[in-house]
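In: just need the structure, nothing else, for what follows:
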Amino acid sequence: MMDKFSLVYIDDAPDTALTKYLDKDFHSDKFEVTFSEIIFNPGNGYQSLLNDAKVQSANIIFIDSRLFEARTATQKFTGEEFELVLKKFYPFIEVIVITQNETGSPVEKLAKYDGTKGDSAAEYYAEIIPPIIEKAVKNIQQYQFLSQLVEKNDSWEPVLKSRVIATLKGIDTYDQLTKSDIDELVSAFKEIQEIL
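Out: Below is the predicted model:
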């Protein structure tokens, strides 16, 4: 049985050729990929993506570089900057930034098909995407292997062990506390202290 990996493509205006390639044309003899797409509404802000079940369960995310640059965006930053935010909450999701802009920056990005190279979009994506996905899958398999080592090792402090394993699985409840959650906890502790 082959390993399965969840791939999500996030864009406010998805490239139909990229969607088709990721959804229908990409195949591997080594692993399976399930595909889903999120058409992002910039007015919803980045929190909507962090809370999206597809994002939380993803192994690999393709995200548009200009996702948060639209005039209707509530927060203005690039897909590359959002990658850092995403890595804070889900550090073991592999993120591939795609761009219509030049890819000559120090940040690794995948250029969208632009039609000037003479090949078709299908040929272009068939050439450049498989090694990118294979590299991402290899990284994920390493995380999974390390997770298994941590789970089996009884030398770890139980709280640290559970946090590391939860983070590897994309669950980090400690970091999901908001300021209002913390304020409510402090208030509850004060009430308990007064009762005692």
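In: average pLDDT across the helix ranked longest in the chain?
Out: The residue-count maximum for a helix in the chain (DSSP state H) belongs to helix 121-152. Averaging pLDDT along helix 121-152 yields 91.
In: just want the angle from the very next helix or strand once past that helix to helix 121-152.
Out: Later in the chain than helix 121-152, the nearest helix or strand by DSSP states H and E is helix 158-168. Orientation check (axes from the mean of the first three to the mean of the last three CA atoms, to 10 degrees): helix 158-168 against helix 121-152 gives 170 degrees.
In: what packs against helix 158-168?
Out: For helix 158-168, the elements it packs on are helix 121-152, judged by 3 or more CB pairs under 8 Å, 6 or more residues apart in numbering; DSSP states H and E. The C-beta positions use only the backbone N, C-alpha and C, and glycine is treated the same way.
In: what helices and strands are in contact with the helix it packs on?
Out: Packing partners of helix 121-152 (3+ CB pairs under 8 Å, 6+ apart): strand 3-11, helix 16-20, strand 60-64, strand 94-99, strand 109-111, helix 158-168.
In: switch the cut-off to 6 Å
Out: In this structure, helix 121-152 makes packing contacts with strand 94-99, helix 158-168, judged by 3 or more CB pairs under 6 Å, 6 or more residues apart in numbering; DSSP states H and E.
In: out of those, which is the most enclosed?
Out: Ranked by mean neighbour count, the helices and strands packed on helix 121-152 are led by strand 94-99 with a mean of 21 (mean count of other CB atoms under 10 Å).
In: contact partners of that strand?
Out: The contact list for strand 94-99 (CB atoms under 6 Å, 6 or more residues apart in numbering) reads 60-65, 79-80, 83, 86, 109-110, 112, 132, 136, 139.
In: now, among the residues you listed, which is nearest to residue 40?
Out: residue 64 (8.0 Å; CB to CB).
In: my guess is that closest one contacts residue 78, does it?
Out: No - at 9.4 Å, residue 64 does not count as touching residue 78 under the criterion of CB atoms under 6 Å.
In: alright, I will stop here.
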